[in-house]
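Participant: A structural model of the following input is requested.
(one chain, ligands or ions: 2)
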Amino acid sequence: MDKKGPVKGADMSELTVWQNAAIGIKGDTVVWLGSTEEATILEANQVMDAKGRLVTPGLVEPHTHLVFGGSREKEMALKQQGVPYLEILKQGGGILSTVKATQETPFEDLLEKALFHLDRMASYGITTVEAKSGYGLDRETELKQLKVAKEANEKHPIDIVSTFLGAHAIPAHFKDNPEAFLQEMSDLLDEIKQENLAEFVDIFTETGVFTVPQSRRYLMKAKEKGFGLKIHADEIDPLGGTELAVELGAISGDHLAVTSDEGIQRLANSNTIGVILPGTSFYLGKDDYARAREMIDAGAAIAISTDFNPGSSVTENLQLIMSIAALKLKLSPEEIWHAVTVNAAYAIGRGKVAGSIAVGRKADIVVWDAPNYLYIPYHYGVNHTNTVIKNGKVIYERQGIR
Ligand code: IZC
Ligand code: ZN
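Facilitator: Numbers count the residues shown, from 1 in each chain. Ligands and ions are numbered 1, 2, ... in the order given. You can find the predicted model right below:
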């Protein structure tokens with residue numbers, strides 16, 4: 001799986017699969033690949049026998065809202081009564097209720113909570129994670145969230161890639177003046193850059209949140225300051241966020257649940273990766289699933305992700321999302337594996353270090369309780385990991401029942 005760039009279109013169906021393979025690891029790096037027979041001549045301090053199990057690259061999770069206070073289980077009943085996601089937000093709930101909880105939660109508690117969710121992600125075979133801010137919407141809390149992500153990256157074996165999502169919602173006191181709020185968030189960019197608190201800048205381009213022209217102006221400032229760009233694009237209403245992501249050369253356009261035909265064509269002809277979050281459509285009870293099948297058929301590179309967050313997709317289980325991608329997006333197992341490994345890594349600027357098993361790359365590897373790669377999307381809703389290796393070290397092993 002030594003890919004030189006994101007895997008696009010029909011190439012997503014070409015998966016490299018070896019039988020009876022062996023992997024040599026030194027320190028945190030893959031140093032040798034060959035057959036089990038060839039491996040017998042090597043000298044090794046330690047040998048692990050996968051006993052015929054499936055072995056893959058560690059999963060890469062390219063879109064999460066990892067750091068947040070509180071939870072929103074009370075909104076589930078509202079959603080059941082048919083209150084739309086954007087209506088809950090308009091009434092000061094949704095994202096804004098998580099903002100309040102995140103403002104009120106001390107740094108250490110946010111860190112502990114983030115580490116808890118990271119542990120669970122690691123147990124599901126995830127070894128690299130993107131994490132967004134966006135539950136602060138003020139200087140202090142946005143920086144607090146980004147610093148929590150930075151410390152979590154230092155404390156936890158999972159690698160975290162940080163994104164500044166200050167433009168995630170409009171706080172009540174800026175309701176009539178979104179431009180002034182965006183100004184306040186762009187005033188933070190220099191500090192975030194200097195302190196190396198985020199690599200990417202993201203915005204929620206959506207009805208009642210930020211318009212396409214506002215998003216364009218804001219993201220252009222971020223681009224000038226050297227940030228990579230991401231957009232929450234066309235999640236609920238088709239405003240043209242996908243087209244904007246392509247126009248600005250964003251590394252990814254995320255969601256794309258209601259992207260137009262034009263948007264699909266432009267994505268396919270670009271280097272922007274479509275990060276598809278089908279768990280969100282599922283969890284919000286929507287019929288609009290991203291037309292990922294058409295996107296790939298048109299030649300696009302697609303990644304998939306949980307969108308782990310306390311409102312619209314409350315799960316760390318990327319394996320479940322792989323099943324939803326098979327069932328609802330009609331992606332093939334080969335496409336799905338590319339979408340959670342190599343393409344997910346390229347979607348967060350880690351394509352050269354994560355997302356594939358190749359000599360010189362980090363030894364981020366999962367041994368699965370599965371006979372082959374078709375099995376993971378097929379047997380849904382459970383955790384199939386047997387052993388998770390991060391940077392050459394075992395960080396998770398399935399325990400039997402005592
Ligand atoms: O907290 O609801 N869509 N942002 C945009 C989200 C979902 C996260 C949330
Ligand atoms: Zn999101």
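Participant: The stretch 1-150 of the chain against ligand 1: which residues are in contact?
Facilitator: Within the stretch 1-150 of the chain, the positions adjacent to ligand 1 are H65, G94, I95, T98 by Cβ under 6 Å from any ligand atom. (C-beta placed from N, C-alpha, C; glycine too.)
Participant: number of nearby residues for Q194?
Facilitator: The tally of other residues near Q194 (other Cβ atoms under 10 Å) stands at 8.
Participant: Just the ones of the residues of the stretch 1-150 of the chain next to ligand 1 in helices?
Facilitator: By the criterion of DSSP state H, membership of these in helices covers I95, T98.
Participant: Grab the two from the residues of the stretch 1-150 of the chain next to ligand 1 that are most spread out in space.
Facilitator: H65 and G94 (12.1 Å; Cβ to Cβ).
Participant: Which of these two has more residues huddled nearby?
Facilitator: With neighbours defined as other Cβ under 10 Å, H65 and G94 compare such that H65 has more, 24 against 21.
Participant: what's near enough to touch whichever residue of the stretch 251-400 of the chain sits closest to ligand 1?
Facilitator: Distance from ligand 1 to each residue of the stretch 251-400 of the chain (Cβ to the nearest ligand atom) is smallest for G311, at 2.9 Å. In this structure, G311 makes contact with R72, E75, Y85, G94, I95, T98, judged by Cβ atoms under 8 Å, 6 or more residues apart in numbering.
Participant: ranking the residues you listed by neighbours, who comes first?
Facilitator: Top of these by neighbour number is I95, holding 25 neighbours under the definition other Cβ under 10 Å.
Participant: Check the burial of the nearest residue to K286 once chain neighbours are set aside by counting its neighbours.
Facilitator: Leaving out its chain neighbours, the residue that sits closest to K286 by Cβ to Cβ, 6 or more residues apart in numbering is A257, at 7.2 Å. Using other Cβ under 10 Å, A257 is surrounded by 23 other residues.
Participant: For A257, give me phi and psi.
Facilitator: Dihedral angles phi and psi of A257 (degrees, to the nearest 10) take the values phi -70, psi -30.
Participant: On the pLDDT front, check it for me.
Facilitator: The predicted local distance difference test score for A257 is 97.
Participant: swap in the one 3 residues further on?
Facilitator: pLDDT, the model's per-residue confidence, is 98 for S260.
Participant: With D2 instead?
Facilitator: The score at D2 is 67. That number is its pLDDT.
Participant: tell me which residues of stretch 220-228 are tucked away?
Facilitator: Buried residues in stretch 220-228, defined by neighbour count with 16 or more other Cβ atoms under 10 Å: K221, A222, F227, G228.
Participant: Next, the residue nearest to the second one when sequence neighbours are not counted: phi, psi?
Facilitator: I take that to be A222. Taking Cβ to Cβ, 6+ apart, and ignoring the residues beside it in sequence, A222 has V201 as its nearest neighbour in space, at 3.7 Å. The main-chain torsion angles of V201 are listed as degrees, to the nearest 10 and equal phi -120, psi 140.
Participant: For the helix or strand harbouring A114, buried residues please.
Facilitator: Counting by DSSP states H and E, the secondary-structure element that holds A114 is helix 107-123. Across helix 107-123, burial judged by 16+ other Cβ under 10 Å covers L110, L111, K113, A114, L115, H117, L118, M121, A122, S123.
Participant: which stretches of the chain have low pLDDT?
Facilitator: Applying pLDDT under 70 to the predicted model, the residue ranges of the chain that meet it are 1-2.
Participant: Which residue ranges of it form strands?
Facilitator: Shown for the chain, the strands assigned by DSSP state E span residues 21-26, 29-35, 55-57, 59-61, 126-132, 159-167, 200-205, 228-233, 252-255, 273-276, 302-304, 365-368, 385-390, 393-397.
Participant: who touches the second one?
Facilitator: Here strand 29-35 makes contact (Cβ under 8 Å, 6+ apart) with 18, 20-25, 39, 42, 357-363, 392.
Participant: Filter those residues down to the buried ones.
Facilitator: Among the contacts of strand 29-35, those classed as buried by neighbour count (16+ other Cβ under 10 Å) are A22, I23, G24, I25, A39, I357, A358, R361, K362, A363, G392.
Participant: interface residues of the stretch 301-402 of the chain facing ligand 1?
Facilitator: Contact residues of the stretch 301-402 of the chain with respect to ligand 1, defined by Cβ under 6 Å from any ligand atom, are listed as N309, P310, G311, S312.
Participant: what do you get if the cut-off is 8 Å, keeping everything else the same?
Facilitator: For the stretch 301-402 of the chain, the contact set with ligand 1 under Cβ under 8 Å from any ligand atom comprises D307, N309, P310, G311, S312, S313.
Participant: Could you pull up the residues touching I296?
Facilitator: Counting by Cβ under 8 Å, 6+ apart, I296 makes contact with G9, A10, M12, I302, L331, E335.
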